[in-house]
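[1] give me the fold of what follows.
(chains A and B)
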Amino acid sequence: MDVLNGLLHGFAVALQPTNLFWCFVGCFLGTVVGILPGLGPAATIALLLPLTFKMDPAGGIIMLAGIYYGAKYGGSTTSILLNIPGESSSVVTCIDGHAMAKNGRAGPALGIAAIASFVAGTFGILALTLLAPPVASFALQFSSPEYFALMCLGLALVVLLSGPSLIKGLMSLFLGLWLTSIGTDLFSAQARFVFGQSELLGGMDFVVVAIGVFAIAEVLASIDGGEKARMLPVPKGVRNLLPSWEELKACRFAFINGSVTGFIIGVLPGAGSAISSFIAYGIEKAFSKHPEKFGHGVPEGVAAPEGANNSDSGGALVPLLTLGIPGGGTTAIMLSALVLWGVRPGPLLMTESPDVFWGLVASMYIGNVVLLILNLPMVPVFAQILRMPVHVLFPVILGISLVGAYGVGGRLFDVGLLVGFGLLGYTMVKLKYPTAPLILGFVLGDAMERALRQSLTMSQGDLGILVRGWISATMLACAVLILLLPLLGRFNKARVQAIAEGG
Amino acid sequence: MTTEFRQRRGRGRVTKDILRNGDVLSAAALAALGVYVFAEAWSWPYYNEDGPGPGFFPVWYGVVMVVLSLALIAMTIAKLPRAETPDWQGISRALITWAAFAISAALMGWLGFLVSFALLTFFMITYVFRQPAVTAGVAAVIAAAAFYLVFPFALSVPLPTGVFGF
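    Purely as a prediction, here's the structure:
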């Protein structure tokens, strides 16, 4: 199936009334989640995952993806009006977005954010449409050593970019690897690390780990922080949200910059939209004729990061869908969702499950239009969500977490695990251990061990098999280089600064 | 950390700072976990006639965990920062919430989801967020009723039931 036929097939799937409905639900929930500080898309998708078990895979992934990219649209609203990022990808938008709002240009700032998100988001999906088929056909050459090397490369990048301390990133990753090996070894039927608990023989469910580490930890960290801010008023009427012609003209380069930078960074595992928006902002400022105005409310300072974090979504889906390698916490949960529905992401996804792959891609074009409508004329309505008291919101999130954990297998044992993982996640946040490597280690650990053991079985124990093929050798060499890069003082300084400013 | 700084603070104070440092404590816990992983995995077949056994992978990451933890401890001690006073008020608020959440989860088997969740909501609103008991009571009842309507009633998602039958 070529790209055009695939896309037409995708639109036939995405335009089915039920899938259109799920697309709208995903975009709506994503916008709400993006606006609400303290609840991110990863936590929301993890919370909703148990409810999607009985859904059709195409409809389910369309909805979850809608939450993923919708949150990035919504995140800008809180950044601009409250100077608090609704989502980590909107941290940079606070700088000029809130400054514009304080200068009485809140409407145009929201408008530019929505337009940049739409333009760059559409670019990201277009690039995904064109790039995914060749990447998938290249990945068909991969066997166990290449997959092991690919996972090492992906995890090395995640560790490099997840936090300032490389050691803490690696520790988090190894903790994830350990957690995923709890249960029965599928090769030998050996029970591993089960502490005599028969409930652990089947391993721990990903949903329980993800809800604990993301949702519970976010609630506890927000209660710990306890900060409050004053919301600036939202201008009423679409006309007051539209930027002037001069402002749009000033954003021309920012739209292109955000689109291209966001997509490229999105493809890299681990980088995430917070870093892509930071880099796009840095490029914009570096090439600007008036860099001194940045930070005081320039429209380009809103358009570039908002464009980048939306184009990033398309980029992040390339490795997820074509290689089965998620690049961050949210895409890791989406991978688990696909596996739960019996769909296997990877090079064969396009041929084995065209409804899922092309249906998702086509739904993203539709979702972008839905989000533009939700985030331009509807933004005053959504901004009211910020008035929801946290003393009601947080118990509700905890309640949904309990229902989600219990819903996995109908066991109170999972609820107990959830409580433990909530404390683990909060402790990690407090001690500045990044949580994304833990989740990725948990998701990929099993496949990684399997690929390594299969490779060594094929070579009768000869480790040389991992570097004999040029693809695996190159990827492993890159992974080693990536982990050695922080030893270079200047590079590490730039890396730490990018992570710190990117949130 | 400079020698001058160490001398200024005194040996006893430095030891106290090391033992109170979150990075040192967490790394020590992770080192202990690494030793446990290694020791457990070592008792399983490392390699058999079919290839690597169940102990192969964990033995290696257990070793790496210990090495990394010790490296983190050494690096933290080498540049021990001035002890920052943690925001104990914020931390205790979060930990009290977590404890209430844990108790609510433990009570779910006996009281059922709806009652234990309503109690959790009431406690959080009154104790953690310092809102009037009437507000908390109304919110707890409405929230529990909403959960019942959404999950068991509308979505047919079962919730744990207790001695009251719901």
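
[2] not counting sequence-adjacent ones, nearest residue to the residue of chain B found nearest chain A?
    Nearest residue of chain B to chain A: B:Gly51, at 3.2 Å (Cβ to the nearest Cβ). (Glycine included, C-beta is placed from N, CA and C.) Taking Cβ to Cβ, 6 or more residues apart in numbering or on different chains, and ignoring the residues beside it in sequence, B:Gly51 has A:Thr457 as its nearest neighbour in space, at 3.2 Å.

[3] how many neighbours does that neighbour have?
    For A:Thr457, the count of nearby residues is 15 (other Cβ atoms under 10 Å in any protein chain shown).

[4] same thing with the one 4 residues further on?
    Applying the criterion other Cβ under 10 Å, we find 11 residues in the vicinity of A:Gly461.

[5] just the element for the nearest residue to A:Ser244 once chain neighbours are set aside, please.
    Nearest non-adjacent residue to A:Ser244, counting by Cβ to Cβ, 6+ apart: A:Pro108, 6.8 Å away. Assessed by DSSP states H and E, A:Pro108 sits inside helix A:106-139.

[6] give me the most central residue, the chain.
    As the question left the chain open, I've gone with chain A. A:Thr330 (4.0 Å; Cα atoms, centre = their mean).

[7] actually chain B
    B:Trp98 (8.8 Å).

[8] contacts only, for the closest residue to A:Gly297 other than its chain neighbours.
    Of all residues not flanking A:Gly297 in the chain, A:Ala99 sits nearest, at 3.5 Å (Cβ to Cβ, 6+ apart). By Cβ atoms under 8 Å, 6 or more residues apart in numbering or on different chains, the residues touching A:Ala99 are A:Gly295, A:His296, A:Gly297, A:Gly301.

[9] please name every helix or strand in contact with the strand or helix carrying A:Gly262.
    If you go by DSSP H and E, A:Gly262 is part of helix A:252-267. Judged by 3 or more Cβ pairs under 8 Å, 6 or more residues apart in numbering or on different chains; DSSP states H and E, helix A:252-267 is in contact with helix A:106-139, helix A:272-287, helix A:300-323.

[10] now those helices as TSV including mean pLDDT and mean neighbour count?
    Formatted as TSV, those follow (pLDDT from 0 to 100; neighbours: other Cβ atoms under 10 Å in any protein chain shown):
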stretch	mean pLDDT	mean neighbour count
helix A:106-139	91	23
helix A:272-287	82	25
helix A:300-323	91	32
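
[11] you'd agree A:Asn103 is up against A:Gly297?
    Yes. Using Cβ atoms under 8 Å, A:Asn103 is in contact with A:Gly297, at 4.8 Å.

[12] ramachandran coordinates for B:Arg130?
    phi 50, psi 50 (degrees, to the nearest 10).

[13] count of neighbours near it?
    Neighbours of B:Arg130 using other Cβ under 10 Å come to 8.

[14] look up how far B:Arg93 lies from it.
    10 Å (Cβ to Cβ, to the nearest Å).

[15] hang on, the earlier thing: secondary structure element holding the residue nearest to B:Gly51?
    helix A:436-458.

[16] packing partners of that helix?
    By 3+ Cβ pairs under 8 Å, 6+ apart, helix A:436-458 packs against helix A:144-162, helix A:166-181, helix A:206-210, helix A:329-340, helix A:465-468, strand B:51-52, helix B:56-78.

[17] after the last one, which helix or strand is next?
    For helix B:56-78, the succeeding helix or strand toward the C-terminus, using DSSP H and E, is helix B:88-111.

[18] is chain A within reach of the next helix-or-strand element following that following helix?
    Moving toward the C-terminus from helix B:88-111, the next helix or strand (DSSP H and E) is helix B:113-123. Yes. Using Cβ under 8 Å from any Cβ of the partner chain, we find that helix B:113-123 touches chain A at B:Phe113, B:Phe117, B:Leu120, B:Thr121.

[19] which one of those residues sits closest to A:Ala113?
    Distances from A:Ala113 to the residues of helix B:113-123 next to chain A, taken as Cβ to Cβ, are shortest for B:Thr121 (34.6 Å).

[20] give the buried residues for the helix holding A:Thr457.
    A:436-456 (16 or more other Cβ atoms under 10 Å in any protein chain shown).

[21] quick one: work out the angle between that helix and helix A:329-340.
    50 degrees (axes from the mean of the first three to the mean of the last three Cα atoms, to 10 degrees).

[22] angle of helix A:436-458 against helix A:166-181?
    Angle, helix A:436-458 to helix A:166-181, by the same axes, to 10 degrees: 60 degrees.

[23] that older thread, hmm, the residue nearest to the centre of chain B is touching A:Ala221, no?
    No. Contact criterion Cβ under 8 Å: B:Trp98 and A:Ala221 do not qualify, at 11.1 Å.

[24] which residues are in contact with the closest residue to chain B within the stretch 351-500 of chain A?
    Using Cβ to the nearest Cβ, the closest approach of the stretch 351-500 of chain A to chain B is made by A:Thr457 at 3.2 Å. Taking Cβ under 8 Å, 6+ apart as the contact definition, A:Thr457 lies against B:Asp50, B:Gly51, B:Pro52.

[25] buried subset of those?
    Buried among these by 16+ other Cβ under 10 Å: B:Gly51, B:Pro52.

[26] identify, from the contacts of A:Thr457, the entry nearest to B:Pro160.
    Among the contacts of A:Thr457, and counting by Cβ to Cβ, the member closest to B:Pro160 is B:Pro52, at 41.3 Å.

[27] quick revisit: of the helices and strands packed on helix A:252-267, which is nearest A:Lys430?
    The nearest among those, by Cβ to Cβ, is helix A:272-287 at 19.5 Å.

[28] residue contacts, the residue nearest to B:Val128 when sequence neighbours are not counted?
    If the residues on either side of it in the chain are set aside, B:Val128 comes closest to B:Thr97, at 5.5 Å by Cβ to Cβ, 6+ apart. Counting by Cβ under 8 Å, 6+ apart, B:Thr97 touches A:Val219, A:Leu220, A:Ile223, A:Phe394, B:Met124, B:Val128.

[29] who wins for most neighbours among those residues?
    A:Val219 (29 neighbours).

[30] so what's that one up against?
    Counted by Cβ under 8 Å, 6+ apart, A:Val219 has contacts A:Gly38, A:Phe394, A:Ile397, A:Leu398, B:Thr97.

[31] again, but for A:Tyr433
    Contacts of A:Tyr433 by Cβ under 8 Å, 6+ apart are A:Gly163, A:Lys168, A:Met171, A:Ser172, A:Thr427, B:Ser26.

[32] closest point of the stretch 1-150 of chain A to chain B, which residue?
    A:Leu51 (6.6 Å).

[33] show me chain B divided up by domain.
    Split into domains by automatic domain parsing, chain B comes to B:3-78, B:88-155.

[34] take those domains and write them to JSON lines, including mean pLDDT and distance to A:Thr180.
    Shown next, in JSON lines, are the domains of chain B (pLDDT from 0 to 100; distance: least, Cβ to Cβ, whole Å):
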{"stretch": "domain B:3-78", "mean pLDDT": "86", "distance to A:Thr180": "10"}
{"stretch": "domain B:88-155", "mean pLDDT": "93", "distance to A:Thr180": "23"}
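
[35] buried deepest among those domains, which one?
    Of all the domains of chain B, domain B:88-155 carries the top mean neighbour count, a mean of 18, counting by mean count of other Cβ atoms under 10 Å in any protein chain shown.

[36] how about low-confidence regions in the stretch 51-200 of chain A?
    A:84-88 (pLDDT under 70).

[37] where's the closest residue to A:Thr129 other than its chain neighbours, which helix or strand?
    If the residues on either side of it in the chain are set aside, A:Thr129 comes closest to A:Val361, at 5.6 Å by Cβ to Cβ, 6+ apart. Assessed by DSSP H and E, A:Val361 sits inside helix A:354-375.

[38] so which bits of that helix are buried?
    Buried residues in helix A:354-375 (16+ other Cβ under 10 Å): A:354-368, A:370-372, A:374-375.
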